[in-house]
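> Turn this into a structure:
(chains A and B)
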Amino acid sequence: MNEFSSLREMSAGLDRGDFSSVELTQAHLDRIQQANAALNCFITINAESALAAAAQADEQRAQGNKSPTLGLPFAHKDIFCTQGILTTAGSKMLSNFVAPYDATVVSNMAAAGMISVGKTNMDEFAMGSSNENSFFGPVSNPWDHGRVPGGSSGGSAAAVAAGLVAGATGTDTGGSIRQPAALCGITGLKPTYGRVSRYGMIAFASSLDQAGPMTRDAEDAALMFGVMAGFDPKDSTSAERRDAWLDTTVANGIAALDRPLTIGLPSEYFTDNSNLSDIDAAKTVLQKLGHKLVEVSLPHTQAAIPVYYVLASAEASTNLSRYDGVRFGHRCDDPQSLQDLYERSREEGFGEEVKRRILTGTYTLSVGYFDAYYLKAQKIRRLISEDFQQAFTKVDVLLAPTSPTPAFKKNQLTDDHVAMYQQDLYTVPTSLAGLPAISLPCGFCDGLPMGMQLIAPAFGEELLLQLAAQYQGKTDWHLRRPGDSA
Amino acid sequence: MSQDAPDHSNHERNSVDVNHLAGLARLAIGNDASTQIATDLHAIIEMINTMQAVDTQGVEPLSHPLDSTARLRCDEVTESPNPTHFQSGAPSTVDQYYLVPRVVE
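Predicted coordinates for the structure are as follows:
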């Protein structure tokens, strides 16, 4: 067993009795202890509770529990509420917040016997594409410490890429699982909106937020996804379904793809040819596997970024109004009045990007602007959604780049917010349409990993995972590690 | 340009009142920061305004990505109040009340 073993390999090792969950968990904690100072991918390390949970898992295994996830270490993005453990969302506002309850994702994974070794760094309240907006400092990309890991789930992506954990949870509002997965050379699945409960997941933009797994390969993504997903009566937007394939996949792995697919290439995603050679190579692999590639059009793609920043900022300004210094979170010293308490607590507690988005949302929702911005954006959102529906009458899945560029240098885009927002160009449309998408490593550009994404109709995650697993069976990009020659 | 698009002349963009917005958002913003924020907001609003070129005549707004409505739960008690537990992270409480500066003299 080495630091780059997969969850499935560790599961098999536990099953054979090669090592115990306590030994496995301790090995993870040792690696995190050794590497975190350079990468800064963890905000909190749960050594004590992780080892206690691992001891319990070993006891259950000794009593005959054969669950494939029992005793497997992983990490949670620090956006999921964890009872009794700090939950910061990367913000000073919540730097003292110990959640009084567990998120459903947290309780689902604990019930499956998985061991959370810590909480990973992230852009504050999931707002960012570089993990440079964290109150707890930037995360380094394991492939080049001078570069960003992407965001907002940058800590999770870096921890998986560096071999500190084999799997981590992430959340994706406009690309926050897929873009860091691409920039760190790992696999990241953004499920269909409603697949995974949002209960206890700190809200950024409620009509877009969705949690998913970040792992080295599609098999591990499927394993974690099967545990994370499911109907939750505590989330009013949770989809009332539990597809049988989820349980089958956890138990037996991803079922082999048994038919050739028609894969659509949206022409609007292929206009910038500067970083497309890896995608071109992936197309060849997919064709050799017997799939048919056809060009399709998603004509409203260019409007997705402005629409997203209207809707997400408006929802954020509403969601973040709860942080007022009264009931929990940061409170300013010596407030002179209630207004002063609100205004200074929020000024001190929120970082610059969060304030910009709150103010943008306040602007677009203010009197006289609602119809021109929020309502207009919702109408274009329907057009974007209809573009995808139209495309899926002709194709089974779509193939596109995940990110316009490989990992960029730290501080490169921090002063140009609009340029930073363009990082989400290829991921935001899918989020607006609520569709599932998976990002996979597909090559290298100047020694840095590149990702491609596959997009499916709503609740089509199984097809994505099957195609991803088939592709990874024929390529080794997902097996490359930082330090390897590219 | 759709008919509900606002006037986006330079005059209008330059008139974004950061202090008014900050007041609405309950954010204390100093004069030094205000100028930078105004510049940033102008750039963001300019980017956002590019969506006004899309013709949305007759299109219904989409509020839920899968066009479904929020499910209602049964009106049943599922949890009991536990103020000590839930107020354990509050900055200041007395007798299960949250303390804030005096509002009425």
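
> which residue is nearest the middle of chain B?
The residue lying closest to the centre of chain B (C-alpha atoms, centre = their mean) is B:Ala25, at 6.8 Å.

> Would you agree that residue is in contact with A:Thr362?
Yes. Here B:Ala25 reaches A:Thr362: they are 4.5 Å apart, a contact under C-beta atoms under 8 Å. (Glycine included, C-beta is placed from N, CA and C.)

> who touches both of those two?
A:Ser317 (C-beta atoms under 8 Å, 6 or more residues apart in numbering or on different chains).

> Run a quick neighbour tally on the residue of chain B found nearest chain A.
Using C-beta to the nearest C-beta, B:Pro65 is the residue of chain B that sits closest to chain A, at 2.7 Å. Applying other C-beta atoms under 10 Å in any protein chain shown, we find 23 residues neighbouring B:Pro65.

> Now do the contacts for it.
Here B:Pro65 is in contact with A:Tyr193, A:Ser207, A:Leu208, A:Arg381, A:Ser385, A:Ser431, A:Leu432, A:Ala433, A:Gly434, A:Leu435 (C-beta under 8 Å, 6+ apart).

> Go through chain B and flag its longest helix.
With secondary structure taken from DSSP state H, chain B has its longest helix at helix B:31-49.

> check which helix or strand covers the closest residue to B:Leu24 other than its chain neighbours.
Once flanking residues are discounted, B:Leu24 sits nearest to A:Thr362: 5.1 Å by C-beta to C-beta, 6 or more residues apart in numbering or on different chains. Using DSSP states H and E, A:Thr362 sits in helix A:352-365.

> returning to that earlier point: would a markdown table of the contacts of B:Pro65 with neighbour count, pLDDT and distance to B:Asn31 be doable?
Shown next, in a markdown table, are these (neighbours: other C-beta atoms under 10 Å in any protein chain shown; pLDDT from 0 to 100; distance: C-beta to C-beta, whole Å):
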| residue | neighbour count | pLDDT | distance to B:Asn31 |
| --- | --- | --- | --- |
| A:Tyr193 | 27 | 97 | 42 |
| A:Ser207 | 20 | 95 | 36 |
| A:Leu208 | 22 | 97 | 34 |
| A:Arg381 | 29 | 98 | 37 |
| A:Ser385 | 21 | 98 | 43 |
| A:Ser431 | 29 | 98 | 37 |
| A:Leu432 | 29 | 98 | 37 |
| A:Ala433 | 26 | 98 | 42 |
| A:Gly434 | 25 | 97 | 42 |
| A:Leu435 | 26 | 98 | 45 |
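
> near chain B too, which of those?
A:Tyr193, A:Ser207, A:Leu208, A:Arg381, A:Ser385, A:Ser431, A:Leu432, A:Ala433, A:Gly434, A:Leu435 (C-beta under 8 Å from any C-beta of the partner chain).

> where does the last one fall, helix, sheet strand or coil?
Per DSSP: H, G, I helix; E, B strand; the rest coil, the secondary structure class of A:Leu435 is coil.

> what does the third one give?
Recorded secondary structure, A:Leu208: coil (three-state DSSP).

> and it, how far is that from A:Phe370?
Look at A:Leu208 and A:Phe370: by C-beta to C-beta, to the nearest Å, they are 19 Å apart.

> repeat for the first one
The spacing between A:Tyr193 and A:Phe370, counted by C-beta to C-beta, is 23 Å.
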